[in-house]
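Novice: Attaching a predicted model along with its sequence, questions to come.
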Amino acid sequence: DSAEAAILSQKLENVMIEKELFKNSNLTLQDLAKEVNISSHQLSQFLNTNLGKNFTSFINEFRINEACEIIKASDKFTLESIGYDVGFNSKSAFFAAFKKHTGKTPLNYQLQVL
């Protein structure tokens, strides 16, 4: 029901932010499900049904939000290193996810906020 969904949604957000799980580039659906004490099938279904996104999109959202904060805070890091720091395995995966999430390339975003 919707009360349970709200609780689970909050639990997921808390565990992602407090433990910075998204920074683990090898994070799996199973790992996250274990953290919130539900089966990976239940978690996958919850993300799709209640949040309208798959596991990868859910995790990448946290990664991109963190990357945006780092980009806003400093220009001392390369965009590529920021991508790795927030949990992406490759520059191309970071750039593609960034553009999908923000509508801009990391460089365009950086030029806009600095």
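Specialist: Cool, got the structure.

Novice: what are the ranges of the helices in this structure?
Specialist: In the chain, the helices defined using DSSP state H lie at 2-18, 29-35, 40-46, 55-73, 79-85, 91-102, 106-113.

Novice: Make TSV out of those and add mean neighbour count.
Specialist: No exception for glycine: its C-beta is placed from N, CA and C like everyone else's. Converted to TSV, the helices of the chain look like this (neighbours: other CB atoms under 10 Å):
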stretch	mean neighbour count
helix 2-18	13
helix 29-35	16
helix 40-46	15
helix 55-73	18
helix 79-85	18
helix 91-102	17
helix 106-113	15
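
Novice: Mind putting those into CSV with mean pLDDT?
Specialist: Output for those, formatted as CSV (pLDDT from 0 to 100):
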stretch, mean pLDDT
helix 2-18, 93
helix 29-35, 97
helix 40-46, 97
helix 55-73, 97
helix 79-85, 97
helix 91-102, 97
helix 106-113, 95
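
Novice: List the residues that contact the closest residue to Asp75 other than its chain neighbours.
Specialist: Closest residue to Asp75 in three dimensions, ignoring its sequence neighbours and counting by CB to CB, 6 or more residues apart in numbering: Leu114, at 5.6 Å. Shown in contact with Leu114 (CB atoms under 8 Å, 6 or more residues apart in numbering): Ile71, Lys72, Asp75.
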